[in-house]
Structures are given as C-alpha cells and as structure tokens.
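>>> Just the structure for this:
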Amino acid sequence: MPREVEPSINESQFLHHALSQGLRLDSRQPYELRTIELDFLRGSLGAVECRLGQTRVLAQVSAEIVRPLPDRPYEGFLNVSTELSPMASTNYEAGRTSDEQTLLTRLLEKTLRRSECVDREALCIVAGQRVWSIRVDVHFLDDQGNLLDCASIAAITALRHFRKPDVQVVGEEVIVVSRDTQGFTRRRPKFKCDVLQYSMTERVPVLLAIHHTPICLTFAFFGDDSTPLLDPSLLESQLCSGTLTLTLNAQQEICVLSKAGGAPLPADDIMKVVMIGTQRVKEVDAFIKKELERDEKRRRVEVR
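Next up, the predicted model:
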C-alpha cells in the first residue's frame, strides 16, 4: 500500500509560524471557505462536479424501480457509494478500500440518510410492491484537502438537480416516463407487470422531495490557542491535532457532529464553531440555489 508522504519539518514550522501570526498559506481568513464552483454535466440530470479550491469531486445520481423492504413497505431507498482511487492522490491504492474511504462513506451516509433530507416515503410507487431506489455515486477526482465537505456539496447538489422519471400506475400496469430522449422503448423488468418508457418530451421528470440541504463543514484545530481553521487545506489537514466536522442546514439545525480522534475540545470551542458554521452554511445554500436556478434557465425543460 502506498505510504502517505509526510510534510517536512520546514513545512511544519512554516505553517505553525504563519498561524501564530494569524495568517494562512493561501491568504484566507481563518473562517473563510475556498472558492466553490459547480459544473453541471450537459445532457445529464443529477451529475455535478464540485470544485472546492483545487479539490474536485463528481457526484452522479441514478434511480431504479425495486421492491421495498417487508417491514417498510412505504419507503424507498437512498444509497451512497464512493470511489477513492489513485486518480485523487498517489496515497490511495486501486481496488482497495482504505480507512479514509470507509470514514468518508460513513459520514456521507449520515449526512444524506440519517438527516432525512430526502423524503423516502415520496419514493413509494405502489405500497409493498414498487418503490424508487436512489443511488448517489461519489467519485473523488483530486484530493487537495477536505474531501468530505466538497463531496457533501456535490452530493446534495446532485440530488437537488436530479429528476426521476414520472410514473403512472394504471391497474396492474406501471407506466414510466423516463429521461431518455431517444424515443419510445419497451423492456421487460424484474416484475410481473410491464414498465413502459417514453421520451422526456411526453412528461417532465419529477424532482426529488427534499426537506432541507445538509452541508458538511470541517474545522481543523492545532492544539494551542490558535484559531480553528475552516475548510483546511491538504497541508493543514496533515499537521492539525484534530478536526471537527459539522453537518448543518440553512435552518440552523445540527444534523451530524463528528470528531475522529485528535486533541479534546472544550465545549466553548465547539459552540463557537457551530455559530460560525450556521452563517457559512446559509451562504453555501444560497450559492447552490443560485447555481441550480441558472442551470434550469439554461436547460429550459418543457413539456411538448
């Protein structure tokens, strides 16, 4: 397994000296995020690339019709899958799940599933028989620090951008209006009933029912009296004594609070970063809404 390249003594001393002077190496303020950019892939709904500084993550949402669990006949599914390969960094090995990937997947599942941001009951087609299964595939393209925050922005934006095919149930027949623009197709599904797919020009696909927008914010602590740093860079992440990740929404609700080891934190420090995080989340949420509206105007999806 490739071994992570540790920062040199000079890099460590330089970073700590800069922090003691109230400076960051990329000229940001302690509570300032790197520049966020969202790129919606043309010709696809639910495919979003997020760039947080030089960190890049691609999120792709897909949907299929499956059978629900027997004990939850009215609920659909929301699953998260991640891929952390040498494309992101030479520290990762192809075909092997690293501890960092496991932690990222677990925190993303908590962010998207346990926060109940997606109404899973709205994914029900026929109770006990047919529900939608929504899958979020997260691909880490470039690791320049703080993969989790970038991935959470990409994933929730992709979910808000995605549209599932419209469904009409007529007797025992399920009619699916798909996103496919190639025209009418018919296929034999896994069920006894037929699923008919039409082009998107027949009906506009349906947005997912999303209650709120949970976003991860990570703060790095350095063990001394220095100010915690929001959105740590790769070097800051390697040299910090511990990190605290908050999952917040624009309604000032704490969805997830995670601290993976490191130095202990007093309650006052935690409350301080929570107050800062609630303000930053509102800014990110407003930015996501603005980008979605801009992309919607560009696409101009209409019923013919």
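>>> now the helices for the stretch 101-250 of the chain?
Along the stretch 101-250 of the chain, counting by DSSP state H, counting those that start in this stretch, helices occupy 147-161, 234-239.
>>> tell me the most buried of the ones you listed?
Ranked by mean neighbour count, those are led by helix 147-161 with a mean of 26 (mean count of other C-beta atoms under 10 Å). To be clear about C-beta, it is placed using only N, CA and C from the backbone, and glycine gets the same treatment.
>>> about what we covered before: can you tell me which of the helices of the stretch 101-250 of the chain comes nearest to residue 28?
Among these, the nearest to residue 28 by C-beta to C-beta is helix 234-239 (10.2 Å).
>>> quick one: average pLDDT of that closest one?
In this model, helix 234-239 carries a mean pLDDT of 91.
>>> For it, report the contacting residues that lie outside it.
The contact list for helix 234-239 (C-beta atoms under 8 Å, 6 or more residues apart in numbering) reads 4, 6-7, 11-12, 15-16, 24-25, 143-146, 220, 222, 229, 243.
>>> ok, of those residues, which come out buried?
Among these, those classed as buried by neighbour count (16 or more other C-beta atoms under 10 Å) are 7, 15, 24, 143, 144, 145, 146, 220, 222, 229, 243.
>>> so residue 46 makes contact with residue 159?
Yes. Shown here, residue 46 and residue 159 form a contact pair, counting by C-beta atoms under 8 Å, at 7.4 Å.
>>> Mutual contacts of these two, please.
The contact lists of residue 46 and residue 159 share residue 61, where a contact means C-beta under 8 Å, 6+ apart.
>>> got the helices of the stretch 101-250 of the chain as CSV, with distance to residue 31 columns?
Formatted as CSV, the helices of the stretch 101-250 of the chain follow (distance: least, C-beta to C-beta, whole Å):
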stretch, distance to residue 31
helix 147-161, 13
helix 234-239, 13
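>>> for the ones you listed, which one sits closest to residue 63?
Using C-beta to C-beta, these put helix 147-161 closest to residue 63, at 10.8 Å.
>>> how close does residue 86 get to residue 117?
Distance from residue 86 to residue 117, counting by C-beta to C-beta, to the nearest Å: 31 Å.
>>> Those two: which is more packed in?
Of the pair residue 86 and residue 117, residue 117 is the one with more neighbours under other C-beta atoms under 10 Å, namely 22 against 12.
>>> Backbone dihedrals for that one, please?
Backbone torsions of residue 117, given as degrees, to the nearest 10, read phi -70, psi -30.
>>> cool, and residue 279?
Main-chain torsions, residue 279, degrees, to the nearest 10: phi -70, psi -40.
>>> what's around it, how many residues?
Residue 279 has 11 neighbours, counted by other C-beta under 10 Å.
>>> what's the answer for residue 22, then?
Residue 22 has 10 neighbouring residues, counting by other C-beta under 10 Å.
>>> pretty sure it is touching residue 29, no?
No. Taking contacts as C-beta under 8 Å, residue 22 lies outside contact range of residue 29: 9.0 Å.
>>> just checking, residue 60 touches residue 134?
No. Assessed by C-beta under 8 Å, residue 60 is found out of contact with residue 134, at 11.5 Å.
>>> Give me the more crowded residue out of the two.
Set residue 60 next to residue 134 and count neighbours by other C-beta under 10 Å: residue 134 wins out with 23 against 20.
>>> Show the low-confidence segments of the stretch 201-304 of the chain, by residue range.
Filtered on pLDDT under 70, the stretch 201-304 of the chain yields the residue ranges 201-202, 224-225, 301-304.
>>> The same query, at a cut-off of 90, please.
Low-confidence segments of the stretch 201-304 of the chain (pLDDT under 90): 201-206, 222-227, 238, 240-242, 259-269, 296-304.
>>> where along it do the strands fall?
Per DSSP state E, counting those that start in this stretch, the stretch 201-304 of the chain carries strands over the ranges 206-207, 215-221, 229-230, 242-248, 254-258.
>>> Flag the shaky bits of the stretch 1-150 of the chain, pLDDT-wise.
Confidence mapping of the stretch 1-150 of the chain against pLDDT under 90 gives the ranges 1-9, 11-12, 16-17, 19-23, 41-45, 65, 83-103, 114, 125-130, 145.
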